[in-house]
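Novice: Below are the sequence and a predicted model for it; my questions follow.
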Amino acid sequence: MPVAVNDPLSTSGNTVTSLTLSHTVAAGSDRVLCVLVGWRNSGVTALSAVPTFGGNDTTLEVDSGGNADAHATLYYLINPDVTTADIVATWGTAVNAAIIAYTLTGCDQTTPFSNNASNSGTGTATTVDVTSATGELAIDMIDAGVITSPTPGAGQTLIIEELANTNDCASSEEDGSATATMSWTLNVSRVWRMVAASATPSVVAASQFPEIDRIARRFLHSPLLRM
């Protein structure tokens with residue numbers, strides 16, 4: 001089963017110390033909830049606690065660092081219940097912030113991400129390279145202050161954008177390859193920060209009947225079937 005993105009949602013707020021997003025986890029096997037949090041405020045380098053979903057702590061996958069103009073993070077929760085609950089992110093000082101959330105299905109339940117990466121810069125062209133592989137799915141988040149209509153790069157598909165307040169974010173996906181290049185074009189020059197990770201597909205369990213499998217494979221490749 002390939003990794004798939006389901007039911008993306010987002011929210012944002014200005015001058016907040018807490019931000020809440022009511023989110024419904026999509027039904028499906030091998031679920032991983034992704035929580036991407038971005039913010040901007042001079043001096044705030046981290047959340048005061050990891051984001052929670054229904055009171056359950058998420059796990060940090062990658063953090064871009066930064067504070068004054070942009071900050072991007074990716075957290076996850078393995079095998080969340082199929083339910084509706086609040087995602088809550090908190091800071092010790094007021095920030096302008098956004099949350100993006102979606103459920104991955106078909107994702108490995110032991111090591112949901114094989115690799116991650118982050119990058120930062122200033123300008124209208126943004127990029128980050130993440131080591132990936134065929135069969136995996138690269139996802140990203142860009143945080144870049146006030147922007148409009150960010151355009152994802154070639155090969156990427158927009159998942160969702162949150163452009164309602166003064167800390168604007170967006171997320172996209174791309175089929176995995178040896179190196180997945182995640183990029184965006186902004187309408188104005190901004191300080192930007194990006195995070196990306198490569199989601200690994202579920203591991204298919206080994207057969208309990210290897211001899212039967214071997215005979216079946218020989219039968220399927222028999223010249224008799226090609227007559």
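Specialist: Cool, got the structure.
Novice: would you list every one of the helices in the protein?
Specialist: 210-220 (DSSP state H).
Novice: Spit out the contact partners of the closest residue to Gly55 other than its chain neighbours.
Specialist: The shortest distance from Gly55 to any non-neighbouring residue, by CB to CB, 6 or more residues apart in numbering, is to Ala85 (7.8 Å). All C-beta atoms are positioned from the backbone trio N, CA, C, and that covers glycine. Listed by CB atoms under 8 Å, 6 or more residues apart in numbering, the contact partners of Ala85 are 22-23, 25, 53-55.
Novice: go on, Gly106?
Specialist: 1-4, 28-30, 201-202.
Novice: helices and strands of the protein: which one has the lowest mean pLDDT?
Specialist: Lowest by mean pLDDT, DSSP states H and E among the helices and strands of the chain is helix 210-220, with a mean of 47.
Novice: pLDDT at the residue lying closest to Trp192 once chain neighbours are set aside, what is it?
Specialist: Using CB to CB, 6+ apart and skipping the chain neighbours, the partner closest in space to Trp192 is Ala144 (3.9 Å). According to the per-residue confidence, Ala144 scores 92 in pLDDT.
Novice: Hmm, Thr185 and Ala144 touching each other?
Specialist: No - counting by CB atoms under 8 Å, Ala144 does not reach Thr185; the two are 11.1 Å apart.
Novice: which of these two has more neighbours?
Specialist: Neighbours per residue, other CB atoms under 10 Å: of Ala144 and Thr185, the larger number sits with Ala144, 29 against 13.
Novice: could you measure that one against Gly54, distance?
Specialist: 30 Å (CB to CB, to the nearest Å).
Novice: Show me the shaky parts of the chain.
Specialist: 204-227 (pLDDT under 70).
Novice: just the strands in it please.
Specialist: Here the chain has its strands, by DSSP state E, at 4-24, 32-40, 49-53, 56-57, 59-63, 72-78, 84-105, 113-131, 137-143, 151-152, 157-162, 169-175, 179-199.
Novice: what packs against the fifth one?
Specialist: Contact partners of strand 59-63 among helices and strands, from 3 or more CB pairs under 8 Å, 6 or more residues apart in numbering; DSSP states H and E: strand 72-78, strand 113-131, strand 179-199.
Novice: I'd like to know which of those strands lies nearest to Cys107.
Specialist: Across those, the minimum distance to Cys107, taken as CB to CB, is reached by strand 179-199, at 5.4 Å.
Novice: circling back: which of the strands of the chain sits most buried?
Specialist: Ranked by mean neighbour count under mean count of other CB atoms under 10 Å, the strands of the chain are led by strand 137-143, which reaches a mean of 30.
Novice: in its sheet, what does that strand sit against?
Specialist: For strand 137-143, the paired strands and their directions (DSSP bridges) read strand 169-175 (antiparallel), strand 179-199 (antiparallel).
Novice: How much space separates the spatially most central residue of the chain from Gly54?
Specialist: Among the residues of the chain, the one closest to the centroid is Ile139, at 4.7 Å (CA atoms, centre = their mean). Ile139 sits 22 Å away from Gly54 when distances are taken as CB to CB.
Novice: try Ile160
Specialist: Taking CB to CB, one finds Ile160 at 21 Å from Gly54.
Novice: Minimum distance to Ala70: which of the strands paired with strand 137-143 has it?
Specialist: Closest among the strands paired with strand 137-143, once you apply CB to CB, is strand 179-199, at 4.2 Å.
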